[in-house]
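Engineer: I would like the atomic coordinates for the input below:
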Amino acid sequence: MTEPLPPLLLVGCGQMGGALLEAWIKNGLAPSVIMDRHRDTVATPHTIVRELSKIPEDFMPEAVILAVKPQKAAPVMEELATLRPDIAARSVFVSVMAGLTAGSIAERLRGKSPEATPAVVRAMPNTPCSIGQGMTGLYRAPGVTDRQEKLCDRLLSAVGATVWVSEEDQINAVTAISGSGPAYVFLLAELLEEAAVGLGLPADVARILARKTVSGAGALLDHSPEDAAELRRRVTSPGGTTAAALAVLSAPANWPSAIPEAVAAAARRARELAS
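Structural biologist: Numbers count the residues shown, from 1 in each chain. You can find the predicted model right below:
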């Protein structure tokens with residue numbers, strides 16, 4: 001039998017926070033507290049509060065998940081450090097917010113104890129977490145124990161696969177690849193659909209052809225032990241239709257330059273947001 005998840009404090013229950021909470025409840029989450037100004041209900045035995053000041057005094061979470069918008073995070077963390085310094089000192093903080101460094105998070109959580117070293121883990125999940133098919137990159141800042149790292153891995157594994165990076169700057173690369181990556185795939189499906197209509201196919205036919213091609217290819221890639229290049233070669237007959245299309249996409253000025261440039265732009269923006 002799987003060990004139940006310990007009590008958590010979830011700060012922010014929007015799209016990502018809500019997906020995480022749903023998965024944790026299915027995995028046997030102990031009575032926890034959700035702080036959200038818009039959510040009205042939550043499954044028993046969990047508690048909704050509108051303000052941090054309403055957290056029960058005897059409630060001590062093993063982890064605090066920060067899932068608010070980055071621009072709203074600073075006052076929330078500072079208020080938590082003031083109202084509940086015991087939580088700030090004892091819990092591991094898991095940030096799913098892009099652009100905020102572990103150092104800036106720890107600084108806000110120190111409150112009036114500058115010598116304190118809050119335990120901070122940065123996590124970058126992506127939107128497929130909402131269907132349990134997510135990909136999350138994580139970084140463990142100094143001060144996080146092995147036990148806390150294991151807990152964080154359990155929490156994010158509830159919504160998909162996880163990988164850990166050894167340097168914080170690598171989270172920016174994770175953001176550019178898997179965090180923003182679903183949008184790149186959606187754009188591909190969008191463009192395939194438009195191209196299909198341009199070739200004379202009805203819009204409804206174009207839509208299902210594009211979507212099922214992208215999702216089916218992704219599922220095959222996920223289940224195959226072969227790398228992507230080998231799978232591509234297997235579907236590309238010399239002189240055939242696929243080879244004709246790939247000759248265009250593989251031209252130096254097309255995908256071989258556009259994809260790295262796009263990913264680099266996303267990583268660069270992630271660093272800018274963190275500065």
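Engineer: For the stretch 151-275 of the chain, which segments count as helices?
Structural biologist: Counting by DSSP state H, counting those that start in this stretch, the stretch 151-275 of the chain has helices at residues 170-174, 181-198, 203-223, 228-234, 241-249, 255-274.
Engineer: Highest average neighbour count across the ones you listed: which stretch is it?
Structural biologist: helix 170-174 (a mean of 22; mean count of other CB atoms under 10 Å). C-beta: built from backbone N, CA, C; applies to glycine.
Engineer: which helices and strands does it pack with?
Structural biologist: In terms of contacts (3 or more CB pairs under 8 Å, 6 or more residues apart in numbering; DSSP states H and E), helix 170-174 is packed against strand 119-124, strand 134-140, strand 160-165, helix 255-274.
Engineer: what's the angle from the first one to strand 134-140?
Structural biologist: With axes from the mean of the first three to the mean of the last three CA atoms, to 10 degrees as the criterion, the two stretches strand 119-124 and strand 134-140 enclose an angle of 150 degrees.
Engineer: Return strand 119-124 as CSV; C-alpha atoms alone will do.
Structural biologist: What follows is strand 119-124 as a C-alpha-only set of coordinates in CSV (Å, rounded to 0.1, in the frame of the first residue of the first chain):
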residue,chain,number,x,y,z
ALA,A,119,14.6,24.8,2.6
VAL,A,120,13.7,25.7,-1.0
VAL,A,121,13.0,23.5,-4.0
ARG,A,122,12.3,25.0,-7.4
ALA,A,123,10.0,23.0,-9.6
MET,A,124,9.0,23.6,-13.2
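Engineer: between the helices of the stretch 151-275 of the chain, which one is nearest to Met35?
Structural biologist: Met35 lies closest, by CB to CB, to one member of the helices of the stretch 151-275 of the chain: helix 255-274, at 23.6 Å.
Engineer: Break down the stretch 1-150 of the chain into its strands, ranges please.
Structural biologist: 8-11, 33-35, 47-49, 63-66, 92-95, 119-124, 134-140 (DSSP state E, counting those that start in this stretch).
Engineer: Provide the strand pairings for the first one, with the direction of each partner.
Structural biologist: This means strand 8-11. Here strand 8-11 has these sheet partners by DSSP bridges: strand 33-35 (parallel), strand 63-66 (parallel).
Engineer: Can I get that strand in CSV? Just the C-alpha atoms.
Structural biologist: Written as CSV, here are the backbone C-alpha positions of strand 8-11 (Å, rounded to 0.1, in the frame of the first residue of the first chain):
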residue,chain,number,x,y,z
LEU,A,8,0.7,20.3,2.9
LEU,A,9,0.0,24.0,2.7
LEU,A,10,-0.9,24.9,-0.9
VAL,A,11,-0.6,28.7,-1.5
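Engineer: Residues in contact with that strand: which ones?
Structural biologist: For strand 8-11, the surrounding residues in contact (CB atoms under 8 Å, 6 or more residues apart in numbering) are 17, 20-21, 24, 29-30, 32-36, 52, 55, 59, 61-68, 76, 80, 87, 91, 155.
Engineer: from those residues, which would you call buried?
Structural biologist: For the contacts of strand 8-11, a burial check counting by 16 or more other CB atoms under 10 Å picks out 17, 20-21, 24, 29, 32-36, 52, 55, 61-68, 76, 80, 87, 91, 155.
Engineer: Kindly reformat the strands paired with strand 8-11 as TSV containing mean pLDDT and distance to His223.
Structural biologist: Formatted as TSV, those follow (pLDDT from 0 to 100; distance: least, CB to CB, whole Å):
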stretch	mean pLDDT	distance to His223
strand 33-35	96	35
strand 63-66	98	30
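Engineer: Now render the ones you listed as CSV, adding distance to Pro6.
Structural biologist: Listed next are those as CSV, based on distance: least, CB to CB, whole Å:
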stretch, distance to Pro6
strand 33-35, 12
strand 63-66, 7
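Engineer: Excluding chain neighbours, what is closest to Leu109?
Structural biologist: Pro118 (4.1 Å; CB to CB, 6 or more residues apart in numbering).
Engineer: residues near the residue lying closest to Val174 once chain neighbours are set aside, how many?
Structural biologist: Once flanking residues are discounted, Val174 sits nearest to Gly137: 3.2 Å by CB to CB, 6+ apart. By other CB atoms under 10 Å, the residues close to Gly137 number 24.
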